[in-house]
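**Q** Give the three-dimensional model of this entry:
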Amino acid sequence: FDAAFLGLVIAGASDGLDGFVARNFNQKSVLGSYLDPLSDKILINSLALACAAPSVSLIPTWLVGLIFARDFALIAATFAHARARAASSGR
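**A** Down below sits the predicted model:
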């Protein structure tokens with residue numbers, strides 16, 4: 001648990017630091033605007049999956065399924081919105 005928790009703390013802190021640097025030093029990019037939320041979703045889903053492992057069982061598997069379904073729906077909606085926006089602008 002200790003190593004996994006330390007990894008989570010480091011991942012969360014580096015994500016926060018990344019956002020701070022991007023906002024305060026005007027280091028924003030289109031690629032970063034897609035990759036940052038995607039990396040957040042990967043981090044949360046990995047944590048949920050690890051918490052539902054049979055040896056740990058901290059959260060029920062149906063909750064992990066719900067988290068995965070929510071993130072899949074968010075990603076699908078983002079792609080659909082981007083595709084519709086590109087089609088309306090003639091790209």
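**Q** how about the strands in this protein?
**A** Assigned strands in the chain: none (criterion: DSSP state E).
**Q** Pull out the buried positions in the biggest helix by length in it.
**A** Looking only at the chain and at elements set by DSSP state H, the helix with the highest residue count is helix 61-88. Across helix 61-88, burial judged by 16 or more other Cβ atoms under 10 Å covers V64, I67, D71. Quick note: C-beta positions are derived from backbone N, CA and C, even for glycine.
**Q** Now do the contacts for the first one.
**A** Contact criterion Cβ atoms under 8 Å, 6 or more residues apart in numbering gives A48, L49, C51, A52 as the residues in contact with V64.
**Q** and it, what pLDDT?
**A** pLDDT recorded at V64 is 95.
**Q** out of the buried residues of helix 61-88, which one sits closest to T78?
**A** D71 (10.6 Å; Cβ to Cβ).
**Q** got any ranges where this structure has weak pLDDT?
**A** 1, 91 (pLDDT under 70).
**Q** From the centroid of it, which residue is nearest?
**A** For the chain, the residue sitting closest to the mean C-alpha position, by Cα atoms, centre = their mean, is K41 at 1.7 Å.
**Q** could you measure that one against A48, distance?
**A** As defined by Cβ to Cβ, to the nearest Å, K41 lies at a distance of 10 Å from A48.
**Q** same check, this time on A13
**A** Here A13 is placed at a distance of 20 Å from A48 (Cβ to Cβ).
**Q** Of those two, give the one with the bigger neighbour count.
**A** Remark: of A13 and A48, A48 carries more neighbours, 19 against 10, as counted by other Cβ atoms under 10 Å.
**Q** Next, count neighbours for the nearest residue to Q27 once chain neighbours are set aside.
**A** Of all residues not flanking Q27 in the chain, V21 sits nearest, at 5.9 Å (Cβ to Cβ, 6 or more residues apart in numbering). When counting by other Cβ under 10 Å, one arrives at 11 neighbours for V21.
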